[in-house]
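1. here is a sequence together with a model predicted from it:
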Amino acid sequence: MVSDLLGTRLFTAAVTPMRRDESVDHGALATMLDTDIRRGVEGLYICGSSGEGVLLSEAERIAVAETAVTAAAGRVPVVSHVGAMSTGEAVRIAAAAKDAGVAAISMIPPLYYGYSTADVVRHLRTVIDAVELPFILYNIPQFTGRDISEGGFDELLALPQVIGVKHTSRNLYGAERILRRYPHLTLINGFDEFYLPALSVGARGAIGTTVSLQIELFLSLRRRFDAGDLAGARAVQVRINDTVEGMVEVGVFGAAKSLGGTLSVPLGACRSPLPALDDDGRARLDAVFARLQESIAITAEEDARDVS
């Protein structure tokens, strides 16, 4: 069951479409997610960093989960990030996400205050125990100031409900050590630009901001890696990174909404205080999108030759 849920799946770290007044646009959200699935995305991860989860209210996050499950319609699993500043809020969001029909929940450690590791473990354990759902621990130390791979989380990682770690960190040594200690866990890559290196240390699936934008490239890289074609996989990783680099230069979250809108429906801007794209940023993204389309075409031609 666990392997069916995660396995080698490529999850989009879905953005949350916004109207001009910064309210959530559920119609655009449903259309975007349906488009992602039709294009080959194998799972939906909602209300994470890309989805501006910590900028949404409790009610908004619950409503996003409901819309996502309805849009997925059983075709792919939905994982809801439920991390919150207080334990009670996280429990309520997790319980509502379960009622909505999500396949699993995920959480970052709590933010802002100088919590001890014991405090963080107690916070996460309370949510895990309160909601009987598979749980994915979200390791993103550049945002939380805490690297789960450095130790202190053994109590959580050994729990049967904990099925994987979303590792959004450049510390691949730490990722390998997690798998060394807990080989039953699924390591999920969280940095798109590290997909191939993460596979090399034992990661399986991926949850990423650009997965839905260039799903063809991620699928090709996975196939090449599985076939032992490391040179080919590296060539595709370079193309993935070209897109990532272009998006980071103008602001990755705003860029994800802008580029995603070219594939489905307009997705709006990010919620303040995340910055909006300026005219220069939008112009630069036009070049990023053109280069991405070229990369997809080149990769498809290479894949066709390999098959023939």
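-> Good, I have the coordinates.

2. residues near residue 249, how many?
-> Residues lying near residue 249 (other Cβ atoms under 10 Å) number 13. Just so you know, the C-beta spots here come from the backbone N, C-alpha and C atoms, and that holds for glycine as well.

3. tell me how many other residues crowd the residue lying closest to residue 246 once chain neighbours are set aside.
-> Sequence neighbours aside, residue 288 is the residue nearest to residue 246 in space, at 3.6 Å (criterion: Cβ to Cβ, 6 or more residues apart in numbering). The burial metric for residue 288, expressed as a neighbour count using other Cβ under 10 Å, is 21.

4. again, but for residue 115
-> Residue 115: 17 neighbours (other Cβ under 10 Å).

5. now it: which helix or strand?
-> When elements are defined using DSSP states H and E, residue 115 is found to belong to no helix and no strand.

6. which stretches in the protein count as strands?
-> With DSSP state E applied, the chain shows strands at 10-13, 43-46, 78-81, 104-107, 135-139, 162-167, 186-189, 206-208, listed in chain order.

7. just send those back as JSON lines, with distance to residue 292 and mean neighbour count too.
-> Shown next, in JSON lines, are those (distance: least, Cβ to Cβ, whole Å; neighbours: other Cβ atoms under 10 Å):
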{"stretch": "strand 10-13", "distance to residue 292": "15", "mean neighbour count": "27"}
{"stretch": "strand 43-46", "distance to residue 292": "21", "mean neighbour count": "28"}
{"stretch": "strand 78-81", "distance to residue 292": "25", "mean neighbour count": "30"}
{"stretch": "strand 104-107", "distance to residue 292": "27", "mean neighbour count": "24"}
{"stretch": "strand 135-139", "distance to residue 292": "27", "mean neighbour count": "26"}
{"stretch": "strand 162-167", "distance to residue 292": "24", "mean neighbour count": "26"}
{"stretch": "strand 186-189", "distance to residue 292": "20", "mean neighbour count": "26"}
{"stretch": "strand 206-208", "distance to residue 292": "14", "mean neighbour count": "30"}
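
8. any chance of a markdown table for these, columns distance to residue 151 and mean pLDDT?
-> Rendered in a markdown table, the data for the strands of the chain read as follows (distance: least, Cβ to Cβ, whole Å; pLDDT from 0 to 100):
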| stretch | distance to residue 151 | mean pLDDT |
| --- | --- | --- |
| strand 10-13 | 26 | 98 |
| strand 43-46 | 26 | 98 |
| strand 78-81 | 23 | 98 |
| strand 104-107 | 18 | 97 |
| strand 135-139 | 12 | 94 |
| strand 162-167 | 13 | 95 |
| strand 186-189 | 16 | 96 |
| strand 206-208 | 23 | 97 |
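
9. can I get the ones you listed in CSV with distance to residue 282?
-> Converted to CSV, the strands of the chain look like this (distance: least, Cβ to Cβ, whole Å):
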stretch, distance to residue 282
strand 10-13, 22
strand 43-46, 26
strand 78-81, 28
strand 104-107, 31
strand 135-139, 30
strand 162-167, 30
strand 186-189, 29
strand 206-208, 22
